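> Just need the structure, nothing else, for what follows:
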Amino acid sequence: MSHPRVIFVNRVYWPSTAATAQLLADLAGGLAARGWPVQVIAAGTGPDQHNGVTIHRTGGDEAHTGLFSQARNYVRFRRGARRQLAALIRTDDLVVLMTDPPMLGAACARLAAARGAHVLHWIQDIYPEIIPAHLGALAALPLLPLRWQRDRAWRAARCCVTLGTDMAATVAGRGVPSDRVAIVPNWAPRELDAVPSSDAVAARRAVWGLTDKFIVAYSGNLGRVHEFAAVLEAADRLRARADVVFLFIGRGPRFDAVRAAAQARGLANIRFQPPEPRENLAAALAAADAHLVTLKPAFACLVHPSKLAGVLAAGRPVLFVGPPDGEIARLLARARCGAAFAPADGAGLAVTVTAWSADAAMRTQLGRAARAAHEQDFTFGSALARWEEILRRAAAP
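Okay, here's the model as predicted:
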């Protein structure tokens with residue numbers, strides 16, 4: 001059975017290590033291995049083939065160092081992506097538009113549909129609503145035309161693929177029929193499918209100089225949507241516990257602010273490490289005794305922390321700081337693999353860390369439940385099968 005051609009559009013792609021680049025490389029390569037003809041439009045320069053996928057580069061630079069360069073790169077890529085689409089697209093192609101840069105779907109959807117392609121949106125973040133969530137309600141009014149364009153693109157698509165039920169409800173609330181809203185959770189990095197050896201885990205703890213510590217880790221991007229006040233408060237309350245360390249592994253827009261806040265409080269029990277390369281990720285995640293996942297309540301229906309899947313795959317208990325009635329809190333309660341705390345509940349977080357540090361049997365039970373949740377909902381195999389189903393339905397008359 002022959003498959004229609006699939007064209008993904010996203011600013012970052014292999015060999016970039018950005019989260020959406022890795023997810024897209026996994027999915028595009030997996031579909032190609034199943035016989036789908038797959039092409040990707042991405043920024044930058046470099047190889048035009050990878051794992052059976054044809055890559056069309058728009059030039060420019062994937063990276064950005066400030067707001068001005070970020071905006072410039074976004075505009076440049078949107079223009080380049082439209083040119084590439086106009087040259088590539090054929091009737092009955094399946095065009096999957098992602099959300100890097102913001103409003104990419106609105107910029108390219110009408111062009112793709114006019115050429116007879118079937119459009120799908122793979123929604124990692126919901127823009128422009130994220131902007132007033134950062135800046136306040138007054139910022140929403142100038143963005144109404146952008147939201148109207150985005151909504152029109154969503155409603156005209158064959159399918160909008162979201163990451164969870166809260167995001168799906170937001171999309172449906174903008175007028176997209178429920179039968180054209182799908183949920184495919186982001187999967188854990190595929191290197192986490194295999195459980196690392198105890199020697200590899202011990203070696204990673206030794207490299208950090210934390211062999212005998214109880215490690216509460218935050219691994220990944222310290223982004224603007226993430227909540228850290230309760231973590232700092234918990235670390236402050238546990239400053240006298242020489243055996244407990246809060247370890248941040250990664251960088252991001254909030255990195256400097258979190259480090260400065262820790263230094264201002266004199267919190268020697270907060271440590272920082274650079275991001276781990278993907279080949280070390282399994283051992284790094286397993287080297288922690290518990291993992292933090294955080295989200296500001298204002299963003300609960302607009303984003304979905306991708307680090308959750310990796311933590312579950314590592315088989316470690318989850319400490320979630322965010323909306324206590326949100327999707328992640330509900331998942332942890334249902335799977336019995338962690339605990340949730342309101343953003344102001346640093347005291348409760350400290351109490352739970354203390355309890356878990358004293359009860360290895362409880363941690364083992366929670367960790368096994370986390371791995372079971374991964375196997376049920378967050379594997380690449382299940383995501384690939386779901387994507388094939390979505391694409392086949394989108395291609396049908």
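> Against which helices or strands is the host helix or strand of Arg271 packed?
Per DSSP states H and E, Arg271 falls inside strand 270-273. The contact analysis (3 or more Cβ pairs under 8 Å, 6 or more residues apart in numbering; DSSP states H and E) places strand 270-273 against strand 244-249, helix 255-265. Quick note: C-beta positions are derived from backbone N, CA and C, even for glycine.
> Dump those to JSON lines, plus mean pLDDT and distance to His374.
Compiled in JSON lines, the helices and strands packed on strand 270-273 are given as follows (pLDDT from 0 to 100; distance: least, Cβ to Cβ, whole Å):
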{"stretch": "strand 244-249", "mean pLDDT": "98", "distance to His374": "19"}
{"stretch": "helix 255-265", "mean pLDDT": "97", "distance to His374": "27"}
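> Can I get those in JSON lines including distance to Val311?
Below are the helices and strands packed on strand 270-273 laid out as JSON lines (distance: least, Cβ to Cβ, whole Å):
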{"stretch": "strand 244-249", "distance to Val311": "12"}
{"stretch": "helix 255-265", "distance to Val311": "19"}
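> what's the most buried one of the ones you listed?
Of the helices and strands packed on strand 270-273, the one with the most neighbours on average (mean count of other Cβ atoms under 10 Å) is strand 244-249, at a mean of 22.
> most remote residue from the protein's center?
For the chain, the largest distance from the centre (Cα atoms, centre = their mean) belongs to Ala240, which lies 34.2 Å off.
> Past the strand holding Arg271, which element shows up next along the chain?
Using DSSP H and E, the next helix or strand after strand 270-273 towards the C-terminus is helix 281-286.
> Pro102 versus the nearest residue to Asp151 once chain neighbours are set aside, what's the distance?
Once flanking residues are discounted, Asp151 sits nearest to Arg174: 4.8 Å by Cβ to Cβ, 6 or more residues apart in numbering. Distance, Arg174 to Pro102, using Cβ to Cβ, to the nearest Å: 16 Å.
> Averaging pLDDT per element, find the lowest-scoring helix or strand in this protein.
helix 130-135 (a mean of 74; mean pLDDT, DSSP states H and E).
> ok, back up a step: confirm the residue farthest from the centre of the chain sits in a strand?
No - under DSSP: H, G, I helix; E, B strand; the rest coil, Ala240 sits outside any strand and is assigned coil.
> how many other residues sit next to Ala313?
As a burial measure, Ala313 scores 28 neighbours (other Cβ atoms under 10 Å).
> got it, and Ser357?
Look at Ser357: counted by other Cβ under 10 Å, it has 19 neighbours.
> Could you verify my assumption that Leu97 touches Val9?
Yes - between Leu97 and Val9 there is a contact under Cβ atoms under 8 Å: 5.2 Å.
> picking up where we left off before, what sits against the residue farthest from the centre of the chain?
Ala240 sits next to no residue when contact means Cβ atoms under 8 Å, 6 or more residues apart in numbering.
> For it, give me the pLDDT.
Ala240 is assigned a predicted lDDT (pLDDT) of 97.
> now swap in Val207 and tell me
With respect to pLDDT, Val207 scores 96.
> Would you mind measuring from Ile249 to Leu210?
According to Cβ to Cβ, Ile249 and Leu210 sit 11 Å apart.
> What of Gly52?
For Gly52 relative to Leu210 (Cβ to Cβ), the value is 41 Å.
> and if you look at Met98?
Counting by Cβ to Cβ - Met98 and Leu210 are separated by 37 Å.
> Ok, His291 next?
14 Å.
> More neighbours: the two, which one.
Taking other Cβ under 10 Å, His291 and Leu210 do not tie; His291 has more neighbours (27 against 18).
> show me the contacts for that one.
216-219, 285, 307, 311, 314, 316-319.
> Could I get the pLDDT score of Met362?
For Met362, the predicted pLDDT is 97.
> Next up, the contacts around the closest residue to Gly338 other than its chain neighbours.
Distances taken as Cβ to Cβ, 6+ apart place Val318 nearest to Gly338, at 3.2 Å, with adjacent residues excluded. Residues near Val318 by Cβ under 8 Å, 6+ apart: 290-291, 293, 308, 311-312, 332, 337-339, 370.
> Mind giving me the PyMOL select for those residues, buried ones only?
In PyMOL syntax, the buried subset of the contacts of Val318 is picked out as below (16 or more other Cβ atoms under 10 Å):
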select buried, resi 290+291+293+308+311+312+332+337+338+339+370
